[in-house]
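Asks: A predicted structure for the sequence below; I have some questions about it.
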Amino acid sequence: MSWELLIGLAVLTYVSRAAALTFLPAMPPPIGRVLDRMPPALFAGLAMQGILSPASGLAPLPVLVAATAALLVAPRRSLLLCLIFGLLGFGVASLLS
Amino acid sequence: MSTWGILVAAAPVAAAIAAFGMVFGAAASALIGVPLTVAMSLLVFSGTLQFAVLGLLGAGAGPVAIMLTAVALNARHLVLGAVLRPRIDVSTPKRAGLAFFLIDESFGLALAAREGVARVLSTSGALCYGAWQVGTVLGVLGARSVAVESVATAVFPVLFIGLAALTARDTESVIRTVAAGVLVAALTLTVPAAYAFLPILAALVVALPGRRH
């Protein structure tokens, strides 16, 4: 890892954040509608990557229980509840396994 | 929403981020040294990317592979920025400043807010930034525990499930969200080489079909 690579990563990350929020023009309505539908799906995909990966396969049982517990309270649409129930599920499963 | 209300809403997320930061600080300082570890957290401020870079460095990947992975992982910021853009009515320089705090967690909280989206983004983003730095420094200083590392592996999917729940507004959105999760699982097993691109790819695929209004 070099300083040049680090600076490159920092610039790339900031540009990706600023591009659409700051510099690009507003999207035409049809594209805007598609973009509006993407965030929850994107987060679901990232959550799935925390559960299943090509390198390590399926996550350990406590992590699966944590994800299941978070899913159970997901209809309440509360990030705090998901965190609390997820961690409770993780704790209980860790104690039992 | 008041500043205090934003801080209260973002506090649990910041605590989770601090735990991640601690794990990152401990792992990264052993691999790339303290100065680069601290600088990376200060300048990049992206847990997903920073952990991915550590994994790649550990596997012996070169700069090109690392930058390509960064492009894939950062592609989601284009979506998040484009979604928030019409909801934020501030000058271009202020947008440029806000952009630094555009992370998954601050985006989720900002999108869920009915008013003051820019303030929610900046306040929650700044709190998460502070938490990430504190966690990183604690990890660098040796505050490492197996329990924290273990919990961090569970917090990652739980946090994103929470963000998906927070931003899914109706039944149609929930169906798309579940479909994206299933699609990422299927593609992870069948096309592992495209792993870093899968969330953005799946989100696009499930977002395309639909009514015009």
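Replies: Good, I have the coordinates. Quick caveat: nothing in here was measured; it's all calculated off a predicted structure.
Asks: Distance from the chain centre to the lengthiest helix in chain A, please.
Replies: Criterion DSSP state H: the longest helix present in chain A is helix A:29-51. In terms of Cα atoms, centre = their mean, to the nearest Å, the centre of helix A:29-51 is set 10 Å apart from its chain centre.
Asks: Return the set of buried residues in the one helix or strand B:G97 maps to.
Replies: Assigning secondary structure by DSSP states H and E places B:G97 in helix B:92-99. By neighbour count on 16 or more other Cβ atoms under 10 Å in any protein chain shown, the buried set for helix B:92-99 is B:R95, B:L98, B:A99. Just so you know, the C-beta spots here come from the backbone N, C-alpha and C atoms, and that holds for glycine as well.
Asks: Chain A: strands as residue ranges?
Replies: All strands of chain A, identified by DSSP state E, fall at A:52-53, A:57-58.
Asks: Which of the ones you listed sits closest to chain B?
Replies: For those, proximity to chain B was assessed by Cβ to the nearest Cβ; strand A:52-53 is nearest, at 5.3 Å.
Asks: so can I have CSV of the buried residues of helix B:92-99 showing pLDDT and distance to chain A?
Replies: Conversion of those to CSV gives the following (pLDDT from 0 to 100; distance: Cβ to the nearest Cβ, whole Å):
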residue, pLDDT, distance to chain A
B:R95, 94, 4
B:L98, 95, 7
B:A99, 96, 4
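Asks: Just the C-alphas of the strand or helix carrying B:R76, formatted as PDB.
Replies: Per DSSP H and E, B:R76 falls inside helix B:63-84. What follows is helix B:63-84 as a C-alpha-only set of coordinates in PDB (Å, rounded to 0.1, in the frame of the first residue of the first chain):
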ATOM      1  CA  PRO B  63      -3.000  -1.300  -7.400                       C
ATOM      2  CA  VAL B  64      -5.100  -1.900 -10.600                       C
ATOM      3  CA  ALA B  65      -7.200  -4.600  -9.000                       C
ATOM      4  CA  ILE B  66      -7.700  -2.400  -5.900                       C
ATOM      5  CA  MET B  67      -8.700   0.700  -7.900                       C
ATOM      6  CA  LEU B  68     -11.100  -1.400 -10.000                       C
ATOM      7  CA  THR B  69     -12.700  -2.800  -6.900                       C
ATOM      8  CA  ALA B  70     -13.000   0.800  -5.600                       C
ATOM      9  CA  VAL B  71     -14.800   1.800  -8.800                       C
ATOM     10  CA  ALA B  72     -17.200  -1.100  -8.400                       C
ATOM     11  CA  LEU B  73     -17.900  -0.400  -4.700                       C
ATOM     12  CA  ASN B  74     -18.100   3.400  -5.200                       C
ATOM     13  CA  ALA B  75     -20.600   3.100  -8.100                       C
ATOM     14  CA  ARG B  76     -23.400   3.000  -5.500                       C
ATOM     15  CA  HIS B  77     -22.500   6.600  -4.500                       C
ATOM     16  CA  LEU B  78     -23.700   7.800  -7.900                       C
ATOM     17  CA  VAL B  79     -27.100   6.300  -7.200                       C
ATOM     18  CA  LEU B  80     -27.300   7.600  -3.600                       C
ATOM     19  CA  GLY B  81     -26.200  11.100  -4.800                       C
ATOM     20  CA  ALA B  82     -28.700  11.200  -7.700                       C
ATOM     21  CA  VAL B  83     -31.500  10.100  -5.400                       C
ATOM     22  CA  LEU B  84     -30.800  12.800  -2.800                       C
END
